[in-house]
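S.K.: what shape does this take:
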Amino acid sequence: MKKEKLAKLADELHKCTACTFRESAIAPVGWFGNPESPIVFVGEGPGGVEDDYGCPLIGPSGQLLDKALWSVKMTRNRVLTTNVIKCRPRNNKTPNIAEADFCGKLWLEKELAIIQPKVIVALGGVALHFLGNADMRITKDRGQWFKTSQGFDCIATFHPAYLLRLSGHDLVTAKWDVFHDLEAAREKVIAAAPDYQLSSEAPTNLFSLFEKRKK
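M.R.: Next comes the predicted model:
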């Protein structure tokens, strides 16, 4: 039932022209993963690689996320990943709160209403602002549990794109922070859905599942 409802929503999303972000994108980028997943990872929005392939978090950030998930015994085909913003902003600009709020209420909230996850992981500040509130800061509030406006348990951690900009001691510290946040999310999922298998035998090769879209 969830799969069918998400497929219908995906058809509607593909036709969306509700904001100017659609003008510079190949097409909206939806979600990937198991619709029955009790955990959803919410990022900011698609970059160039995501726009090219039509898959969220498939580029360098996504590849780092895959490694982080593997370290806590989760794989992309067993969880679900998505974004607040569905179309790549021109020049990869960071969407402001109003832009994220507009798109998130139009699409992400509908996704989550269908999926009904036990746990949401907000990746980075844009997702944290939308799922929490505009006063929350990723440097201050990451690792803390809160309820979203839809009543879902949510924890925020650093977006993998942030880690890619770090080096040295800062990178090591941030990686450990993400590891512990993902561990906490996994523990809460296991407590809520103990029979659900969060990982496959190997990491998911997203590039083997998606072909590059043509403009």
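S.K.: for the lengthiest helix in the chain, buried residues please.
M.R.: Taking DSSP state H as the criterion, the chain has its longest helix at helix 168-192. Buried residues in helix 168-192, counting neighbours by 16 or more other C-beta atoms under 10 Å, are found at 174-175, 178, 181-182, 184-186, 188-190. Placement of C-beta: from N, CA and C, glycine included.
S.K.: the residues you listed into TSV, with extra columns for pLDDT and distance to residue 102?
M.R.: Putting the buried residues of helix 168-192 into TSV (pLDDT from 0 to 100; distance: C-beta to C-beta, whole Å) gives the following:
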residue	pLDDT	distance to residue 102
174	98	30
175	98	33
178	98	28
181	98	28
182	98	29
184	98	31
185	98	27
186	98	32
188	98	30
189	98	30
190	98	35
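S.K.: closest one to residue 118 out of those residues, please.
M.R.: residue 189 (5.8 Å; C-beta to C-beta).
S.K.: hmm, the closest one is touching residue 119, no?
M.R.: Yes - contact criterion C-beta atoms under 8 Å: residue 189 and residue 119 qualify, at 5.0 Å.
S.K.: overlap in contacts of these two?
M.R.: Here residue 189 and residue 119 have 38-39 as joint contacts, going by C-beta atoms under 8 Å, 6 or more residues apart in numbering.
S.K.: before we move on, the earlier item: just checking, what packs against the longest helix of the chain?
M.R.: strand 39-43, helix 60-71, strand 119-123, strand 153-157, helix 160-164 (3 or more C-beta pairs under 8 Å, 6 or more residues apart in numbering; DSSP states H and E).
S.K.: need those in a markdown table (columns: distance to residue 196).
M.R.: Below are the helices and strands packed on helix 168-192 laid out as a markdown table (distance: least, C-beta to C-beta, whole Å):
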| stretch | distance to residue 196 |
| --- | --- |
| strand 39-43 | 9 |
| helix 60-71 | 15 |
| strand 119-123 | 11 |
| strand 153-157 | 15 |
| helix 160-164 | 24 |
